[in-house]
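A.B. asks: pasting the sequence and the predicted coordinates here, then a few questions.
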Amino acid sequence: MRGSGPESDIVISSRIRLARNLAEFPFIRRCASQDRKSIEKMVHDRLQAIPGFNTLYYLRVDELAHVDRQFLTERQLISREHAEAEGARSVAIDNDERLSVMINEEDHLRIQVMKSGLDLTSAWNQINEVDDQLESKLSYAFHERLGYLTACPTNVGTGMRVSVMLHLPALVITNQIEKVFRSLQKINLAVRGLYGEGSQAMGDFYQISNQITLGKSEEELIGQVSGVVPMIIEYERKARDFLITQNREDLHDKISRAYGILCTAQTISSEETMHLLSSVRMGVNLGLIDDLAISDINKLFVETQPAHLQKLRGNELDTAGRNIERALYLRRYLQDRGKEHRDERN
Amino acid sequence: MKCQQCEKPATFHITELTGEKPHELHLCEQCAQTYLSQNPSGGMPIQPSLAGMLHQQLKVTDTAKELAKLDEQACPICGITFYEFRNQGRLGCPHDYTCFGSELDPLIVNIHGDNIHAGKHPKHHRQTSQQQTQLIQLHNDMKVAIEKEDYERASQIRDEIRKIEEGQE
């Protein structure tokens, strides 16, 4: 979410994950607690033996405090399921938080690479390389006809999920988003909210991903997603153009009010923050707000989440406390950034 | 169990796997047939591919008796029954793909529109599916031997595992 990379005004991030299982163990749901420990240790030991992998941060998720697990979820380094599961499980993360390897999630291994903007090719090159290196040290469960075997038949074959996170506020305002969803479903692509499966779309963020994983090569699956994204980007840009030419005053007013609330609120919920930041993000993109950058907004989206605020504050906070802390954080950040921009202009 | 649509006993139990979470349907024969003939987009919040999958499932399991028999089938390696898989939507071990092959195959075709992998293969792929199954079995046996404190047997098994793992280098 660095606000860099191709098409980063609309595409937040590109992500690819691979599901892999070890040949010599049952799938996670059928693993005894001793099996989970053995898998965790085996993968950890073998990761250490791969050149370049011994510098990964290695965290035992089951030994972390709740707030730390939530923090990793908010940074999309582990899934919600991984944060909330039981038994031995861990995650290995690289220095720039682009690569993460979850151990003992729904599958023994869930390898994930995330890039800022629309950059699926480099995400694939990296994850393919990581997968090859892991596979040189581990025996994967692989079937001659069905490919990589996974705990759920919906992932069998390539075990690959290609996702692109898009910010589509203008398609939401112009009521065209449903139409886009329907056409995506027809070509076997899934649309989900910010945190993947089962989550609601918040702040007009939508994740588009492949639904099928078997019968097509990895390159074909990536091609399917990356082929459709430029079309959605164009629809969103057209909708933004339409709004700004037909309804400039209303749009400017809505965005300015959103910015005003974020700059002055004394207590604010996570949901309202997402909603308002979404408007401000579009405002920055359309040149209606000129003292913030897209990267500022992306940073605020991440850092105003509950676990981030509590880590920043250094102690646990209840909902009311978090809402006050969030408003304080937003006021300070936006005032400082605004001042810097005014100073730069003078 | 009663049908979700009426008061009759439910004889069709289907697990939908294409949505965000496994989705269960329990219907009597009549309601299942009515449901199948409906337009998939009308009324119920189900993904479009469900009707196709239901049809396949129904073809596989025409009667409650057959379904009950199928549900009792268990994998000899991990012990999971087909019933457990239908309920949880998750398999127990890699061997289930072979063991429940005839039931899973139509399901896989319905989910993916295909049942032949066209993607990458592991470069160092060492074992056949059969050898992989053997490895899980040997690991299980070793666990039992250790629990029984039969360390001689455990070390024999460890050698067998090594032989399979190294034999295909």
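C.D. replies: Good, I have the coordinates.

A.B. asks: please make it C-alpha for all contacts and neighbour counts, starting now.
C.D. replies: Fine.

A.B. asks: got the contact list for the residue in the stretch 201-346 of chain A positioned nearest to chain B?
C.D. replies: At 3.9 Å from chain B, residue A:217 is the closest residue in the stretch 201-346 of chain A, using Cα to the nearest Cα. Residue A:217 makes contact with A:158, B:117-120, according to Cα atoms under 8 Å, 6 or more residues apart in numbering or on different chains.

A.B. asks: could those residues go into CSV alongside neighbour count and secondary structure?
C.D. replies: Formatted as CSV, the contacts of residue A:217 follow (neighbours: other Cα atoms under 10 Å in any protein chain shown; DSSP: H, G, I helix; E, B strand; the rest coil):
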residue, neighbour count, secondary structure
A:158, 27, coil
B:117, 21, coil
B:118, 19, coil
B:119, 21, coil
B:120, 15, coil
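
A.B. asks: ok so residue A:36 is a helix residue?
C.D. replies: Yes - membership of residue A:36 in a helix is supported by DSSP: H, G, I helix; E, B strand; the rest coil.

A.B. asks: what residues are up against it?
C.D. replies: Contacts of residue A:36 (Cα under 8 Å, 6+ apart): A:28, A:87-89, A:104.

A.B. asks: again, only using 7 Å
C.D. replies: For residue A:36, the contacting residues are A:88, A:104, by Cα atoms under 7 Å, 6 or more residues apart in numbering or on different chains.

A.B. asks: quick one: check stretch B:136-143 for contact with chain A.
C.D. replies: Yes - under the criterion of Cα under 7 Å from any Cα of the partner chain, chain A is reached by stretch B:136-143 at B:136, B:139.

A.B. asks: now do that stretch: distance to the chain's middle.
C.D. replies: 21 Å (Cα atoms, centre = their mean, to the nearest Å).

A.B. asks: what's the nearest residue to residue A:221 if we skip its chain neighbours?
C.D. replies: Distance criterion Cα to Cα, 6 or more residues apart in numbering or on different chains; nearest residue to residue A:221, sequence neighbours excluded, is residue A:210 at 6.8 Å.

A.B. asks: how near is the one you found to residue A:42?
C.D. replies: 31 Å (Cα to Cα, to the nearest Å).

A.B. asks: between the two, which is the more surrounded one?
C.D. replies: For residue A:210 and residue A:42, the more surrounded residue by other Cα atoms under 10 Å in any protein chain shown is residue A:210, and the numbers stand at 21 against 13.

A.B. asks: tell me what that one is bridged to.
C.D. replies: On the basis of DSSP bridges, residue A:210 takes part in beta bridges with residue A:189.

A.B. asks: still on that earlier bit, which phi and psi does the residue of the stretch 201-346 of chain A closest to chain B have?
C.D. replies: phi -80, psi 160 (degrees, to the nearest 10).

A.B. asks: how far away is it from residue A:161?
C.D. replies: The gap separating residue A:217 from residue A:161 is 12 Å, by Cα to Cα.

A.B. asks: so where do the strands sit in chain B?
C.D. replies: Here chain B has its strands, by DSSP state E, at B:12-16, B:23-27.

A.B. asks: what lines up beside the last one in the sheet?
C.D. replies: Sheet pairing here is set by DSSP bridges, and for strand B:23-27 it gives strand B:12-16 (antiparallel).

A.B. asks: pLDDT of the partner strand, averaged?
C.D. replies: Averaged across strand B:12-16, pLDDT comes to 67.

A.B. asks: which strand or helix spans residue A:339?
C.D. replies: helix A:319-345 (DSSP states H and E).

A.B. asks: report all helices and strands that that helix contacts.
C.D. replies: Secondary-structure packing of helix A:319-345 (3 or more Cα pairs under 7 Å, 6 or more residues apart in numbering or on different chains; DSSP states H and E): helix A:248-264, helix A:306-313.

A.B. asks: got the contact list for the closest residue to residue A:304 other than its chain neighbours?
C.D. replies: Using Cα to Cα, 6+ apart and skipping the chain neighbours, the partner closest in space to residue A:304 is residue A:326 (5.8 Å). Each residue near residue A:326 by Cα under 7 Å, 6+ apart is listed here: A:268, A:304, A:309.
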